[in-house]
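>>> Coordinates only, no sequence provided:
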């Protein structure tokens, strides 16, 4: 849960680098929360929780995704690939599972050694 909260603490941090673990733990907790919200909405016959949550989590998600791309020495502009159906998402998924650059790169120090 600390990894999920770390993305919220650094939600406007579009500079620097994020480890794979930070990104994927954020995605895991985000997915679990979305499942729970979907179940609650279905049970209570309401439909406003998920859209509100999506708005709250948008900037932290963009921030952690950009920092993850930076760890692989890619610009955050690569996130625009998500606008291309299927192919863009698959390419981004590939980038997100790659190991980060060893040592320093143009976007900062290796986060693995900072933690």
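Thanks, I have it. Being a predicted model, the structure only gives us computed values, none of them experimental.

>>> which regions of this structure lie under the pLDDT threshold?
Applying pLDDT under 70 to the chain picks out residues 113-115.

>>> those helices in it, which residues are they?
2-9, 20-44, 49-71, 87-97, 111-114 (DSSP state H).

>>> could you dump those to JSON lines with mean neighbour count and distance to residue 81?
In short, each C-beta sits where N, CA and C put it, glycine included. Output for the helices of the chain, formatted as JSON lines (neighbours: other CB atoms under 10 Å; distance: least, CB to CB, whole Å):
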{"stretch": "helix 2-9", "mean neighbour count": "16", "distance to residue 81": "20"}
{"stretch": "helix 20-44", "mean neighbour count": "14", "distance to residue 81": "16"}
{"stretch": "helix 49-71", "mean neighbour count": "18", "distance to residue 81": "10"}
{"stretch": "helix 87-97", "mean neighbour count": "13", "distance to residue 81": "4"}
{"stretch": "helix 111-114", "mean neighbour count": "13", "distance to residue 81": "23"}
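
>>> could you dump those helices to JSON lines with distance to residue 104?
Rendered in JSON lines, the data for those read as follows (distance: least, CB to CB, whole Å):
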{"stretch": "helix 2-9", "distance to residue 104": "21"}
{"stretch": "helix 20-44", "distance to residue 104": "18"}
{"stretch": "helix 49-71", "distance to residue 104": "11"}
{"stretch": "helix 87-97", "distance to residue 104": "19"}
{"stretch": "helix 111-114", "distance to residue 104": "10"}
